[in-house]
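Chemist: for reference, the sequence and a predicted model appear below.
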Amino acid sequence: MAVIDNESPDQGSESFLIESGLYTDEDVYQLELERIFGRSWLFVAHESMVPKEGDYITTFMAEDPVIVSRGNDGHIRVLLNKCLHRGNKVCLFDRGNAQRFRCSYHGWTYNNQGGLGSVPLLKDSYMGDLDIGEMSLPAPRVANYKGLIFACWDKDVISLEDYLGEDFRWYLDTFLLDADPLGLQVLPGRHRYMMPVNWKLLAENFGGDQYHFASTHSSVIAISQRPEAGRIVHSEHSGEHYSAEFTSEKHPPHGLLQLAVGEQFYQEDMNMANGLGAEAASWVTNRHDRLQERLGDLKTRPYSFHTANVFPNLSMVGLATALYGRSLIVWQPRGPMRTEVWQWCFVERSAPDSVKERMAFTLTQRQAAAGMVAPDDHENFERTSDNLRGWEARTVPFHYGMGKNSGSTSVLPELPGRVLPQISESYQRSFYRHWRKQMRQNV
């Protein structure tokens, strides 16, 4: 299916087998840096990370180091963190506030909008043969979608709104703003750790793999069923869960998991909120009222989704419950078999302190580096990568054929996107079809 060396088969003749070498081959990885990450909108920050003029954070667009800087003019820019002279980084810190960025090698200095401002010994050494006013740090295109800052090196890329797609944005809006008109705020700190696995396996897992949960996370399910444990996961019998994918010839595929449909989920949240006090219960009620207003006359009443993936490498966590911290996760590629995980916790800005504390605790307890869920996934991915080091193992393909003849009809046609049973591999197939298409584009 996703073999870049072969002719593209018709969808009906696809075998849905993925060559293992696509997760281990250095040449494939280098091509991805150019054709996947170099031509896609990549998440770099949330605007709440750089609230004031002069604020900045440093991050990556794949393997390219960048600075996300709110300049003195108030605009947010993304700048390549590479001096134009000898390529050294011009900013060495994770975050801060600065009027300028200075290279530690030869002292070339840039303002916080990327322009070259000064060069040591300019008159004596260059003798007027360097026009610093025409030199700036390379800067990709930047777009802001309701607080999410994306950047792309491809000057011809479609708009960010078109890239996300109208159907997926309908769900994303709830995650970002519609449940709380004040939006999200990032909490201090960030989880950052390395995983010995290809970035694609992580991204497609968050966008479309509910199949693994019962087997991989059986201990979490067992603990959650103890009376003294409280609710750690939604009961499988309290309502209905679905997955959804968003595919189009006009934009890359995005996917989400555990789309929760039914008022039972709200009742579960109210039971938990009542335990936190009247202020928390009032906030959850008001939040629910806003969501119901947004749904209008829809007979199908989705309450939340749990995880999602925006192609290629931005995943989201946290809408299984109103009392769960929202999380953005970027799978930063660091080689064909290494991924650096960057994870932030967000809370809804209008929530009372008791709810914000609960949000942060619940996310840390579950989908975090040392939580109850994430380490189970880490162990599986590490075992997969260990197997891929073997010569014979690399000749055995991955199988993505679940439900390949299930058709293309949404099970909830009233809702945007293609809503699927909660266990499906349809999103993974869409993910790799687009990956193959983009890898084959030379220009």
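Modeler: The structure has been received and is ready for your questions. Predicted model, so just to flag it, every value in this text is computed and none were measured.

Chemist: now do the buried residues in the helix or strand where Gly275 lies.
Modeler: Using DSSP states H and E, Gly275 sits within helix 264-276. For helix 264-276, burial by neighbour count (16 or more other C-beta atoms under 10 Å) applies to 264-266, 268-270, 272-273, 276. In this view, the C-beta of every residue, glycine as well, is placed from N, C-alpha and C.

Chemist: out of those, which one sits closest to Asp25?
Modeler: Phe265 (42.9 Å; C-beta to C-beta).

Chemist: got the contact list for the closest residue to the closest one other than its chain neighbours?
Modeler: In space, and not counting its chain neighbours, Phe265 is closest to Tyr303: 4.3 Å by C-beta to C-beta, 6 or more residues apart in numbering. Contacts here follow C-beta atoms under 8 Å, 6 or more residues apart in numbering; on that basis Tyr303 touches 239, 260-263, 265-266, 291.

Chemist: circling back to that earlier point, quick one: name whatever helix or strand follows the helix holding Gly275.
Modeler: Using DSSP H and E, the helix or strand that follows helix 264-276 towards the C-terminus is helix 278-295.

Chemist: pLDDT on that next one, on average?
Modeler: For helix 278-295, mean pLDDT is 93.

Chemist: okay, the angle between it and helix 264-276?
Modeler: Orientation check (axes from the mean of the first three to the mean of the last three C-alpha atoms, to 10 degrees): helix 278-295 against helix 264-276 gives 160 degrees.

Chemist: got the CA coordinates for the helix or strand bottoming out on mean pLDDT in the chain in CSV?
Modeler: When the helices and strands of the chain are scored by mean pLDDT, DSSP states H and E, helix 218-224 comes last with a mean of 72. The C-alpha trace of helix 218-224 is given here as CSV (Å, rounded to 0.1, in the frame of the first residue of the first chain):
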residue,chain,number,x,y,z
SER,A,218,-6.2,-3.7,30.6
SER,A,219,-4.7,-2.8,34.0
VAL,A,220,-6.2,0.7,33.7
ILE,A,221,-9.6,-0.7,32.9
ALA,A,222,-9.3,-3.1,35.9
ILE,A,223,-8.4,-0.4,38.3
SER,A,224,-11.1,1.9,37.1
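
Chemist: now do whichever helix or strand comes after that helix: distance to the chain's middle.
Modeler: On the C-terminal side of helix 218-224, the nearest following helix or strand under DSSP H and E is strand 240-248. Distance, stretch centre to chain centre, for strand 240-248: 16 Å (C-alpha atoms, centre = their mean, to the nearest Å).

Chemist: and what of stretch 73-87?
Modeler: 23 Å.

Chemist: what does stretch 414-428 give?
Modeler: Averaged C-alpha coordinates place stretch 414-428 at 19 Å from its chain's average position (C-alpha atoms, centre = their mean).

Chemist: now do the end-to-end distance for that stretch.
Modeler: 23 Å (C-alpha to C-alpha, to the nearest Å).

Chemist: alright, I will stop here.
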